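Engineer: sequence first, predicted coordinates after that:
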Amino acid sequence: MGPLTITVKENGPYLITDIDAVRIVDHEGNAIAVPTAKKNIALCRCGGSVTKPFCDGTHSRIGFRGAEAAQREFDRTQGE
């Protein structure tokens with residue numbers, strides 16, 4: 001197996017692929033159960049998910065924009 005890959009989705013979650021050997025812990029080091037039936041998981045980046053730390057699609061409903069998109073918009077509007 002290759003290295004663990006985490007992809008930052010544009011205006012979406014962090015996508016972790018091939019989760020055979022991933023372990024997620026909270027701020028105190030307590031293990032968080034990872035859904036075993038899935039090969040990939042998505043971690044919330046918008047802060048709005050009710051299933052934190054996992055993504056539930058809330059970012060789409062609230063219009064979340066990742067830092068990259070927000071920075072491009074800020075740069076674009078500075079000349080106005």
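Structural biologist: Yep, that arrived. Numbers count the residues shown, from 1 in each chain.
Engineer: low-confidence ranges, this protein, go.
Structural biologist: The chain contains residues with pLDDT under 70 at 1, 79-80.
Engineer: can you give me the helices in it?
Structural biologist: Remark: helices assigned in the chain by DSSP state H are 58-62, 67-77.
Engineer: so what's residue 66 up against?
Structural biologist: 8-12, 45 (CB atoms under 8 Å, 6 or more residues apart in numbering). The way it works is simple: take the backbone N, C-alpha and C, and place the C-beta from them, glycine included.
Engineer: was I right to think residue 69 contacts residue 11?
Structural biologist: Yes. Using CB atoms under 8 Å, residue 69 is in contact with residue 11, at 5.6 Å.
Engineer: follow-up on the earlier one: for the helices of the chain, which one ends up most surrounded?
Structural biologist: Neighbour counts (mean count of other CB atoms under 10 Å) averaged over each of the helices of the chain peak at helix 58-62, with a mean of 14.
Engineer: chain center to it, what's the gap?
Structural biologist: Distance of helix 58-62 from the chain centroid (CA atoms, centre = their mean, to the nearest Å) equals 12 Å.
Engineer: what does that helix rub up against?
Structural biologist: Under CB under 8 Å, 6+ apart, the answer for helix 58-62 is 11-13, 44-46, 48-50, 64.
Engineer: swap in stretch 70-80?
Structural biologist: residue 65.
Engineer: please apply the same query to stretch 41-48.
Structural biologist: 8-9, 12-16, 19, 22, 24, 34-35, 51-56, 58-59, 61-62, 64, 66.
Engineer: mind redoing it with 7 Å?
Structural biologist: With CB atoms under 7 Å, 6 or more residues apart in numbering as the test, stretch 41-48 has contacts from 12-16, 19, 34-35, 52-55, 58-59, 62, 64, 66.
Engineer: still on that earlier bit, buried subset of the contacts of helix 58-62, written for ChimeraX?
Structural biologist: Applying 16 or more other CB atoms under 10 Å to the contacts of helix 58-62, the buried members can be selected in ChimeraX as follows:
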select :11,12,13,44,45,46,49,64
